[in-house]
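Undergrad: Okay, sequence plus prediction incoming.
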Amino acid sequence: MSFANKKQYVQFNAVMHREYERAVKKMREELSQGRTYDHACDTLANISQEIQAFVKEDFLKIIIAEEHFGAGIEISDIALFLELPYEKVESTRLALLNDMMREAACHLERQTKQTN
């Protein structure tokens with residue numbers, strides 16, 4: 001999703017984008033080493049609060065998109081793996097679906113304007 005176009009998302013400049021990419025990479029590394037989601041989030045202490053908060057929320061959506069929608073892993077299994085409450089992972093899944101619906105509606109609106 002193009003989060004730069006959404007008002008609820010942070011407007012990223014090039015430096016913030018690099019910081020975001022490094023943070024996501026770091027969290028992936030932490031999870032691949034068997035660390036919990038909360039532990040992976042704790043490793044983000046060296047980045048700005050603005051990016052940190054966004055990454056914590058966005059990375060969970062990334063995991064859900066990849067593992068649940070992409071690989072078919074159940075939400076309950078993702079919650080267990082990340083050591084997060086099921087309710088948190090499920091509510092994030094619903095938020096991701098809402099994001100996707102909003103993005104699809106915006107895309108459709110742009111396409112309609114281009115054809116008219």
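TA: In hand now; what should we look at? Source: prediction; values computed, not measured.
Undergrad: Just the buried residues of the longest helix belonging to the chain, please?
TA: Across the chain, the longest stretch assigned as helix under DSSP state H is helix 86-115. Within helix 86-115, the residues scored as buried using 16 or more other Cβ atoms under 10 Å are Val89, Thr92, Arg93, Leu96, Asp99. The C-beta positions use only the backbone N, C-alpha and C, and glycine is treated the same way.
Undergrad: elements contacting that helix?
TA: Using 3 or more Cβ pairs under 8 Å, 6 or more residues apart in numbering; DSSP states H and E, the elements in contact with helix 86-115 are helix 49-63, helix 75-82.
Undergrad: Would you mind giving these as TSV with mean neighbour count added?
TA: Shown next, in TSV, are the helices and strands packed on helix 86-115 (neighbours: other Cβ atoms under 10 Å):
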stretch	mean neighbour count
helix 49-63	17
helix 75-82	16
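Undergrad: So which of those is nearest Val15?
TA: With Cβ to Cβ as the criterion, Val15 lies closest to helix 49-63 of these, at 9.7 Å.
Undergrad: JSON lines for the buried residues of helix 86-115, including distance to Gln114 and pLDDT?
TA: Listed next are those as JSON lines, based on distance: Cβ to Cβ, whole Å; pLDDT from 0 to 100:
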{"residue": "Val89", "distance to Gln114": "37", "pLDDT": "97"}
{"residue": "Thr92", "distance to Gln114": "33", "pLDDT": "97"}
{"residue": "Arg93", "distance to Gln114": "32", "pLDDT": "97"}
{"residue": "Leu96", "distance to Gln114": "27", "pLDDT": "95"}
{"residue": "Asp99", "distance to Gln114": "23", "pLDDT": "92"}
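Undergrad: So which elements touch the host helix or strand of His39?
TA: Using DSSP states H and E, His39 sits within helix 37-42. Judged by 3+ Cβ pairs under 8 Å, 6+ apart, the packing partners of helix 37-42 are helix 14-32, helix 49-63.
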